[in-house]
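In: Turn this into a structure:
(one chain, ligands or ions: 2)
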Amino acid sequence: MRVAVARADDYSREKIMAAVQEVVDVFGGMERFVRSGEKVLVKPNMLEGVAPEKAVTTHPEVVRAVLVLVKEAGGIPVVGDSPGVGSTLKAAEKTGIAAVCREEGVEVLPFTAARDYLFPEGRTIKKFTLARELGEVDKVISVAKMKTHTLMGITGAVKNLFGLNIGPTKAQFHLRMQRQDSFAAMLCDLARLVKPAFSLVDGVVGMEGNGPRNGKPKKAGVILGGDNPFAVDLVMARMMGFEAERLPVNRTAREWGLVPALEEIEVVGDGSGLSFAFEPPRTVESLDGRVPAFLLRLFQNQFTARPVMNERCIACGRCAEHCPPKAISIQERKAVVDYRRCIRCYCCQELCPADAVVLQDGFLLRLLKKAGR
Ligand code: SF4
Ligand code: SF4
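Out: Ligands and ions are numbered 1, 2, ... in the order given. This is a model prediction of the structure:
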């Protein structure tokens with residue numbers, strides 16, 4: 001099992017093309033993954049329509065490099081995603097991805113209709129309802145962003161695939177999978193179903209702190225990739241400076257035998273020795289294994305951070321609209337949370353355009369942090 005890491009100091013077209021090519025070449029070139037005439041869904045992270053400098057979305061030059069390589073291999077690339085907010089086409093315009101697609105003669109798929117995908121071998125999910133277009137392509141390439149994530153710790157090649165869910169399905173999963181480990185298990189099943197042919201991560205400028213939307217850009221100057229999305233995420237998490245195997249998706253992938261231990265993964269390329277100190281998100285660190293499971297279940301709210309809206313709230317209502325259990329209301333021009341209903345999914349923090357949602361540690365989490373656990 002190998003993961004390749006190439007250096008790229010900035011987003012100039014030449015440097016990104018060279019870095020992506022270097023990563024893919026480690027695995028024998030794009031021809032190994034894409035056959036002539038195959039339709040390939042290139043899936044970037046397009047969480048929201050914001051400028052690429054915000055480091056919320058995969059940079060358009062990284063998307064371009066993948067499109068070029070797929071075309072050179074004889075494939076027919078298409079680009080698609082379902083953003084957390086707004087339409088795919090609007091998000092593609094604002095992120096610069098639509099412009100790159102136009103220049104490369106590639107279609108952007110709006111992901112407006114879904115269909116069922118049966119997955120009897122799923123360990124937690126036997127049926128996904130995902131973008132119809134997924135069933136119309138031969139291959140998927142995940143082109144993710146190196147970011148922190150308030151619920152999952154990190155978002156990389158695996159979490160990126162969650163954007164294949166459209167509309168209310170995302171909120172339904174948050175309602176069904178309220179525990180951190182069950183949500184991670186769902187993501188692992190999703191990646192097993194989709195089986196991306198190749199996974200790349202744009203870590204030229206990633207995001208630290210309270211990602212995936214309201215963190216701070218952090219330069220790492222790397223492009224990572226490999227043919228196993230779980231291995232790519234494990235290596236990415238370690239590069240970010242986290243206890244990689246403790247993070248929920250990575251831990252589940254290890255338990256399910258989807259990826260070997262970190263030390264058994266060969267990391268190659270001119271960026272393979274790099275490591276960084278990304279600021280972690282201020283929320284549910286992985287407490288599983290540190291606190292007995294029954295205590296976590298009983299006192300889940302006390303072991304997690306709760307969302308609190310501060311004075312930056314502009315009462316736009318986006319959080320209320322997207323809150324899965326409808327625990328938020330707008331009162332006197334401010335968003336207010338009903339904590340009896342809040343399931344700590346952090347969608348409000350993730351999607352708030354004003355960065356008005358701060359996370360306050362629950363009582364028991366504060367105690368654990370004080371005790372150095
Ligand atoms: S907290 Fe953010 S998303 Fe919610 S209403 Fe206020 S500004 Fe809008
Ligand atoms: S208030 Fe925020 S964290 Fe709580 S359930 Fe709603 S979106 Fe999730």
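
In: mind listing what the helix or strand harbouring residue 79 pairs with, with the direction of each?
Out: Following DSSP states H and E, one finds residue 79 within strand 76-80. Under the criterion DSSP bridges, strand 76-80 sits next to strand 39-44 (parallel), strand 107-109 (parallel) in its sheet.

In: so which of the ones you listed gets nearest residue 59?
Out: Each of the strands paired with strand 76-80 was scored for nearness to residue 59 using C-beta to C-beta, and the closest is strand 39-44 (8.8 Å). In this view, the C-beta of every residue, glycine as well, is placed from N, C-alpha and C.

In: Following the chain past that closest one, name the next helix or strand.
Out: helix 60-72.

In: picking up where we left off before, so which of the strands paired with strand 76-80 is the most packed in?
Out: Comparing the strands paired with strand 76-80 on average neighbours per residue, with mean count of other C-beta atoms under 10 Å, the densest one is strand 39-44 at a mean of 26.

In: got a list of what residue 139 touches?
Out: With contacts defined as C-beta atoms under 8 Å, 6 or more residues apart in numbering, the neighbours of residue 139 are 33-34, 38-41, 75, 196-197.

In: can those residues go into CSV with extra columns for pLDDT and distance to ligand 1?
Out: Compiled in CSV, those are given as follows (pLDDT from 0 to 100; distance: C-beta to the nearest ligand atom, whole Å):
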residue, pLDDT, distance to ligand 1
33, 98, 39
34, 98, 40
38, 98, 41
39, 98, 37
40, 98, 35
41, 98, 30
75, 98, 39
196, 98, 31
197, 98, 36
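
In: Just send the residues you listed back as CSV, with distance to residue 237 too.
Out: Formatted as CSV, the contacts of residue 139 follow (distance: C-beta to C-beta, whole Å):
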residue, distance to residue 237
33, 24
34, 27
38, 31
39, 31
40, 27
41, 25
75, 30
196, 18
197, 22
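
In: Closest one of the residues you listed to residue 222?
Out: Minimum separation from residue 222 among the contacts of residue 139 (C-beta to C-beta) is found for residue 196, which lies at 19.2 Å.

In: Which single residue of the stretch 101-250 of the chain approaches ligand 2 most closely?
Out: Shortest the stretch 101-250 of the chain-to-ligand 2 distance, computed as C-beta to the nearest ligand atom: residue-wise this is residue 174, at 6.8 Å.

In: neighbours of that residue, just the number please.
Out: Neighbour count for residue 174, taken as other C-beta atoms under 10 Å: 20.
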